[in-house]
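K.L.:
Let me see the structure of the following:
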Amino acid sequence: MSRYSERAAELRSSFKPNGMPAYNCAQTMVMAMHEETGLDEETLRKLAEHFGGGMKMGSVCGAFTGGLMILGLCGIDDNESRNRFIHLLKEKHGQMIECRDLLKANAERGGDKKTHCDGMIYDAIEILEEIINEKKKAEKSFL
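P.N.:
Below you'll find the predicted structure:
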């Protein structure tokens with residue numbers, strides 16, 4: 001488990017009084033990888049507030065939107081990297097991108113929501129790390 005996945009696990013292990021995770025998927029993504037962005041966790045928490053739960057309406061999963069935020073904040077703005085991130089994460093999760101569809105499929109398999117969402121986050125972080133590291137390596141070899 002990478003340091004970013006470990007930080008994500010820490011974030012997801014804190015809970016609100018109602019028993020819900022203190023941070024949504026998008027918040028966890030950007031806060032866990034804050035070192036890559038140069039922004040502090042609090043700013044990123046606020047930025048991603050309304051992107052969890054598929055923008056709080058079951059739309060695009062927060063692991064996807066949080067991951068795209070990280071790519072942008074890292075200055076990775078090429079279509080190839082964006083499409084690769086989306087493709088690889090969809091590939092790991094039945095080609096689905098919508099929170100409501102992902103959660104429904106998970107429930108049909110008998111899975112619980114938190115474990116599923118945590119897994120989405122860890123998969124997204126793994127893919128992002130690969131993309132970011134490749135970009136850094138390419139930049140160094142270019143110089």
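K.L.:
all helices in this structure, in order from the N-terminus.
P.N.:
Remark: helices assigned in the chain by DSSP state H are 3-12, 25-32, 34-37, 41-47, 52-53, 62-73, 79-92, 99-108, 113-142.
K.L.:
mean confidence for the shortest one?
P.N.:
It refers to helix 52-53. For helix 52-53, the mean per-residue pLDDT is 94.
K.L.:
returning to that earlier point: quick one: closest of the helices of the chain to residue 19.
P.N.:
When those are compared by Cβ to Cβ, helix 113-142 sits nearest residue 19, at 9.9 Å. Bear in mind the C-beta positions are built from the backbone N, C-alpha and C, glycine included.
K.L.:
How far does the closest one sit from its chain's centre?
P.N.:
Helix 113-142 has its C-alpha centroid displaced from the chain centroid by 9 Å (Cα atoms, centre = their mean, to the nearest Å).
K.L.:
Packing partners of it?
P.N.:
helix 3-12, helix 25-32, helix 62-73, helix 79-92, helix 99-108 (3 or more Cβ pairs under 8 Å, 6 or more residues apart in numbering; DSSP states H and E).
K.L.:
Which positions in it come out as buried?
P.N.:
Going by neighbour count (16 or more other Cβ atoms under 10 Å), the buried part of helix 113-142 is 116-118, 120-129, 131-132, 135.
K.L.:
for stretch 20-36, same thing?
P.N.:
The neighbour-count check on stretch 20-36 (16+ other Cβ under 10 Å) flags 21, 23-34, 36 as buried.
K.L.:
How about the contacts made by the residue nearest the centre of the chain?
P.N.:
In the chain, the centroid-proximal residue (Cα atoms, centre = their mean) is residue 63; its distance is 3.2 Å. Applying Cβ atoms under 8 Å, 6 or more residues apart in numbering, we find residue 63 in contact with 25, 26, 29, 89, 117, 120, 121, 123, 124.
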